[in-house]
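# Need coordinates for the below:
(2 chains)
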Number of protein chains: 2
Amino acid sequence: MLPHYELMYETYGTLNADKSNAILICHALSGHHHVAGHYADDARNVGWWDNMVGPGKPIDTNRFFVVGLNNLGGCHGSTGPSSKDPRTGKPYGASFPVVTVEDWVETQARLADHLGIRCFAAVVGGSLGGMQAMQWALAYPDRVRHVLAIATAPHLTAQNIAFNDVARSAILTDPDFHGGDFYQHGVVPTRGLRLARMLGHITYLSDDAMADKFGRELRHGKLNFSYDIEFQIESYLRYQGDKFAAYFDANTYLLMTKALDYFDPARELDGDLNRAFAAARAKFLVVSFTTDWRFSPQRSREIVHALLHNKLDVSYAEISSQHGHDSFLMQDEQYFAVMRNYLDRVAAEGTSP
Amino acid sequence: MLPHYELMYETYGTLNADKSNAILICHALSGHHHVAGHYADDARNVGWWDNMVGPGKPIDTNRFFVVGLNNLGGCHGSTGPSSKDPRTGKPYGASFPVVTVEDWVETQARLADHLGIRCFAAVVGGSLGGMQAMQWALAYPDRVRHVLAIATAPHLTAQNIAFNDVARSAILTDPDFHGGDFYQHGVVPTRGLRLARMLGHITYLSDDAMADKFGRELRHGKLNFSYDIEFQIESYLRYQGDKFAAYFDANTYLLMTKALDYFDPARELDGDLNRAFAAARAKFLVVSFTTDWRFSPQRSREIVHALLHNKLDVSYAEISSQHGHDSFLMQDEQYFAVMRNYLDRVAAEGTSP
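Here you go, the predicted model:
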């Protein structure tokens, strides 16, 4: 239970008169509210999905009113573990509650109320964001017309959970974590967060993409036979880890991975995904990527089959892409054409006056 | 440079009169000299490849003289980072040199000299052990008649190196590592070693095997929404990590993963594996497992193609197995039949008086 919370959000484009052209973008593990464009005074801080969202782009802000938010528990302005608990004047830290995909959709619905949006034209998300998009169709079947669920899964596999658990263990066992209350100690569990990100990063990329980009290329042109960096891939991973650990909150990382683990709409239904989607009314676009081994196409097909079982309107695209799970964030002609064409249809049916 | 070194080894069976029936078993990352059977006073300490090696087993100690050793740099009796440096009286720690697959084969050849074995009937190994087996054919073409290279690769991919680097980073950044000289501080980098093993373990298993064995089974029958263990897979991984960290040496772990990274017989040959195998004279059995994503069948086929290019005698088996990389250690009817039949041939040709 939280005494109160704030959500940081951004909007792009103009809400039309009947408020029927709103699209909600749900972010994945490390995303936030700043989806597209840049600020007047900070041209380099470009939104995390700027290739997809903007004027004339597949999620076209000339015709859609796009809402991006930082989820509850985040570390980009919304109330999260690093925020001050008004009851104590100290950061929540370990006392911040575990939040779930279901909780996020609740808070997003309140944000929609606040913005006067009764029904989203579409809710869109990749990976953990796709889980939120699906949850919208289950929790608020009359408040979302289209769900775009990209590079996602109906629930994590044991292997997925295992990778998350290693990442979490790295943070939880970092001596600087202090049980989640590191803020008061003036330290940050940088080591753990860095390891978590390095590991995560491997699972976002495909084996092939890593081979193409790095192969066995050496960092210093020759082998030095030491425990320092030898290969470019090591240098790249450590750089990614350091960069991430310098700005992301360790408690938020734990919380986001837990939300991933917990999501399972069929949990109380003997694992029967068909029954889980029985309440859904939205139309769906499901997109997967051939080299995504974290959320493989097989997992998207499970979603598609459950939707078809419920006689829902579903389009499915399996995109040939080299880039593994990260494909959902990358510019790709086929992928973007699928998104653009689908959203043309959403615009045509939905934003009529 | 080491002032001297010792190797711990075990032998099984009897060396025949012309010393033509010797088989060397090379171990992988966490293996050692105790390959088969158990000691009179410790019935529970069964060798790591006891299902494969023993009387009447595929590597039949009734007809072969089998040699297992702990590699140089190990932590099971051979000289390694935890051994005392005779020059200082303290453990080598950080001053222990990085050793390579090539170095290991050199030391194994000296062990063969010591045992009076001029030529091995076969050198056998899985994973990192398979790299040593292949290196035997390159370094000592006239001292090995057969190479059995199982679940291995001609070199690591960028993804393989990346996983190793995360594991190493976990150890290197553990405050209890003390730059490798933790022995003098009376501590052990348990946290790092535990994380390294947890991560390694995921990559040894297949996604499917983990799904079958654990799925989303809960540890306590219900979700508790905390950062404690929720799923059985988490419990299993942490158990494996704790068990390993309690006995394995962190410096040895670093060294073994580095040996994996460095092995690349085509490194100085513009990556041309065909040229790398030009000196080989041995006959080869190459075995891979369908669900091994750490050393996939594709990597074994690269070896096979290079061997065939050099007109070498090569048998290749791609075994349908659920168990991922770990398959090479598991009892499987097809796999064991392949091994048994191949070794029948080795015995028939090699151990004639």
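# If I follow the layout properly, residue A:158 ends up in contact with residue B:235?
No - contact between residue A:158 and residue B:235 fails when scored by C-beta atoms under 8 Å: they sit 11.5 Å apart. Backbone N, C-alpha and C define where each C-beta goes, glycine included.
# quick one, helices of chain A?
A:101-115, A:128-139, A:158-172, A:190-204, A:207-213, A:232-247, A:250-262, A:273-276, A:297-309, A:333-350 (DSSP state H).
# Could you figure out how far the third one is turned away from helix A:297-309?
Going back to what we said before, that points to helix A:158-172. Relative orientation of helix A:158-172 versus helix A:297-309 (axes from the mean of the first three to the mean of the last three C-alpha atoms, to 10 degrees): 120 degrees.
# what packs against helix A:158-172?
Packing contacts for helix A:158-172, counted by 3 or more C-beta pairs under 8 Å, 6 or more residues apart in numbering or on different chains; DSSP states H and E, involve helix A:190-204, helix A:250-262, helix B:190-204, helix B:207-213, helix B:232-245.
# Residue B:310 is nearest to which of those helices?
With C-beta to C-beta as the criterion, residue B:310 lies closest to helix B:190-204 of the helices and strands packed on helix A:158-172, at 30.8 Å.
# which strands and helices sit next to the closest one?
Using 3+ C-beta pairs under 8 Å, 6+ apart: helix B:190-204 touches helix A:158-172, helix B:158-172, helix B:232-245, helix B:250-262.
# In a markdown table, list those along with mean neighbour count.
As requested, these are exported to a markdown table (neighbours: other C-beta atoms under 10 Å in any protein chain shown):
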| stretch | mean neighbour count |
| --- | --- |
| helix A:158-172 | 25 |
| helix B:158-172 | 25 |
| helix B:232-245 | 20 |
| helix B:250-262 | 24 |
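# Can I get the ones you listed in a markdown table including distance to residue A:269 and mean pLDDT?
Below are the helices and strands packed on helix B:190-204 laid out as a markdown table (distance: least, C-beta to C-beta, whole Å; pLDDT from 0 to 100):
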| stretch | distance to residue A:269 | mean pLDDT |
| --- | --- | --- |
| helix A:158-172 | 19 | 98 |
| helix B:158-172 | 36 | 98 |
| helix B:232-245 | 20 | 97 |
| helix B:250-262 | 43 | 98 |
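# Let me have those in a markdown table, adding distance to residue B:180 as columns.
What follows is those, written out as a markdown table (distance: least, C-beta to C-beta, whole Å):
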| stretch | distance to residue B:180 |
| --- | --- |
| helix A:158-172 | 20 |
| helix B:158-172 | 9 |
| helix B:232-245 | 16 |
| helix B:250-262 | 6 |
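# Near residue A:100, how many other residues are there?
21 (other C-beta atoms under 10 Å in any protein chain shown).
# For the closest residue to it other than its chain neighbours, which residues are in contact?
Nearest residue to residue A:100 in three dimensions, chain neighbours excluded: residue A:262, at 5.1 Å (C-beta to C-beta, 6 or more residues apart in numbering or on different chains). Taking C-beta atoms under 8 Å, 6 or more residues apart in numbering or on different chains, we find residue A:262 in contact with A:98, A:100, A:101, B:223, B:225, B:230.
# thinking again about what came up before, for the helices and strands packed on helix B:190-204, which one sits closest to residue B:308?
helix B:158-172 (24.2 Å).
# Just want the angle from that closest one to helix B:190-204.
Using the same axes, to 10 degrees: helix B:158-172 against helix B:190-204 is 160 degrees.
# Let me have the helices and strands packed on helix A:158-172 in a markdown table, extended by distance to residue A:6.
Below are the helices and strands packed on helix A:158-172 laid out as a markdown table (distance: least, C-beta to C-beta, whole Å):
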| stretch | distance to residue A:6 |
| --- | --- |
| helix A:190-204 | 24 |
| helix A:250-262 | 15 |
| helix B:190-204 | 35 |
| helix B:207-213 | 39 |
| helix B:232-245 | 32 |
